[in-house]
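J.: Sequence and predicted structure below; questions after.
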Amino acid sequence: LVPPRDADLSRHLSLLRLSRDRSGRTRLLTTNFDTLFERAAQGAVVPFASHAVKSVPRPGSPRDYGVLHLHGRLADKSLNLEGSDLILTSADFGDAYLRDGWASQYVEDRMRLNTLVLVGYGAEDAALRLLLETLDADRERFRDLKDIYAMEVRSDDSASLWNAKGIKPLEFPDHTTIYDALAEWAKYVQDPANYGRQRVEAILRRTA
């Protein structure tokens, strides 16, 4: 699963820039196995760390930053990253989210510290369904769980499916619009004052 050298990683870079903490460090949680986020960071000379499965730092700990592969990571020799165990089968999911429960505990701890924004997931994704329904039930016991938002393409029943799981949907007409919005958002957070000035100038030029 080696991407072509000219692969467009601009969308990955937008998400990396939007996932920075107050110290400017990336904290991006992904269930992808590939290392495209790491490659995007390297290409843009953005500092990054990479962690996978049970080696993901505990939320709120001093090492709690980087690209965090919850379901595992493939090896990438070009980045000097070793592969990890992968959560692939029903048995793997059962161990991570139920029997051992380390993955569900991780996400619950994360929700106590950060607002999660889901990008690229559907409301009926099997891995998310079990976890999110469990967390939604826990809101009655744990009042400090923060909101979760989901950016998704609008369909007839998408909003009701997300709301049923306690997730706040942010719906768009298509995937291109989602990633265009993320790209603009990423430009804004890099330099809010300059972004606002440029937007005002562009509007004034159109109305002149």
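T.: Looks like it came in fine. Residues are numbered from 1 along each chain as shown.
J.: any idea which helix or strand comes after the lowest-mean-pLDDT helix or strand in the chain?
T.: Lowest by mean pLDDT, DSSP states H and E among the helices and strands of the chain is helix 126-138, with a mean of 67. With elements assigned by DSSP states H and E, the helix or strand that comes after helix 126-138 is strand 148-153.
J.: continuing past that following strand, what's the next helix or strand?
T.: Following strand 148-153 toward the C-terminus (DSSP H and E): helix 158-164.
J.: Which neighbouring elements make contact with that following helix?
T.: If you count contacts as 3 or more C-beta pairs under 8 Å, 6 or more residues apart in numbering; DSSP states H and E, helix 158-164 packs onto strand 148-153, strand 168-172. Heads up, the C-betas are built off the backbone N, CA and C, glycines and all.
J.: can I get these in CSV with mean pLDDT and distance to residue 22?
T.: Formatted as CSV, the helices and strands packed on helix 158-164 follow (pLDDT from 0 to 100; distance: least, C-beta to C-beta, whole Å):
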stretch, mean pLDDT, distance to residue 22
strand 148-153, 91, 20
strand 168-172, 93, 23
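J.: what's the most buried one of the ones you listed?
T.: strand 148-153 (a mean of 19; mean count of other C-beta atoms under 10 Å).
J.: what does that strand rub up against?
T.: With C-beta atoms under 8 Å, 6 or more residues apart in numbering as the test, strand 148-153 has contacts from 111, 115-119, 121-123, 132, 135, 158, 162, 166-175, 178, 181-182.
J.: Wait, residue 144 touches residue 109, no?
T.: No: with contact defined as C-beta atoms under 8 Å, residue 144 does not reach residue 109; the gap is 10.7 Å.
J.: Tell me which of those two has more neighbours.
T.: Set residue 144 next to residue 109 and count neighbours by other C-beta atoms under 10 Å: residue 109 wins out with 13 against 8.
J.: Leaving out the residues flanking it, which one is nearest to that one?
T.: residue 59 (4.4 Å; C-beta to C-beta, 6 or more residues apart in numbering).
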